[in-house]
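1. how does the following fold in three dimensions:
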Amino acid sequence: MSFFIPDRSNRPTDADDPTGGTRELATDNPPKTIELADGRVAVVEAANVDGFHMVYYYFDATGLEGATTADLQAFMARSGYRFGAEQHPEVSMYFSSSATRDAQGRGIWEFCVTYEWG
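-> Numbering: from 1, shown residues only. Sure, this is the predicted structure:
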């Protein structure tokens, strides 16, 4: 499987947080990867930031350049990834996405699911 290593420069990190509210969870080496519906590979990372659990999915944007966050959420659902609201109604979920480029200039999506326990 071919995948890129995410640029973590805009991510909160343990070292950069003077309040101690950030804890990186899944930043494995080698990275955790999943296969999406169309065969592309996503790198998955997670962090706790001030009590919020955040899961980041990074994947090639080819063919999805004009996608909205809702489009990406539907794409993840088609890939078999559900985000738990049915099983845990007390958990609020927020979805966000950001288009970025990797070191070689390829378009990459950063899709983030943020969980908040009520």
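
2. mind listing the strands for the chain?
-> 22-26, 32-35, 41-49, 52-60, 91-101, 107-117 (DSSP state E).

3. next one, pLDDT for residue 27 please.
-> Among the per-residue scores, residue 27 shows a pLDDT of 57.

4. can I get the strands of the chain in a markdown table with mean neighbour count?
-> Every C-beta, even on glycine, is put in place using the N, C-alpha and C of the backbone. Output for the strands of the chain, formatted as a markdown table (neighbours: other C-beta atoms under 10 Å):
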| stretch | mean neighbour count |
| --- | --- |
| strand 22-26 | 15 |
| strand 32-35 | 14 |
| strand 41-49 | 19 |
| strand 52-60 | 20 |
| strand 91-101 | 14 |
| strand 107-117 | 17 |
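
5. to residue 80, which of those strands lies closest?
-> Nearest of those to residue 80, taken as C-beta to C-beta: strand 32-35 at 9.0 Å.

6. helices or strands next to the closest one in the packing?
-> For strand 32-35, the packing partners by 3 or more C-beta pairs under 8 Å, 6 or more residues apart in numbering; DSSP states H and E come out as strand 41-49.

7. tell me the pLDDT at residue 79?
-> At residue 79, the pLDDT value in this model is 93.

8. contacting residues around it?
-> Taking C-beta atoms under 8 Å, 6 or more residues apart in numbering, we find residue 79 in contact with 34, 35, 36, 37.

9. ok, now how distant is the residue lying closest to the second one once chain neighbours are set aside from residue 59?
-> What sits nearest to residue 35 in space, not counting adjacent residues and going by C-beta to C-beta, 6 or more residues apart in numbering, is residue 41, at 5.9 Å. Distance check for residue 41 against residue 59: by C-beta to C-beta, to the nearest Å, it reads 7 Å.

10. many thanks, we can stop here.
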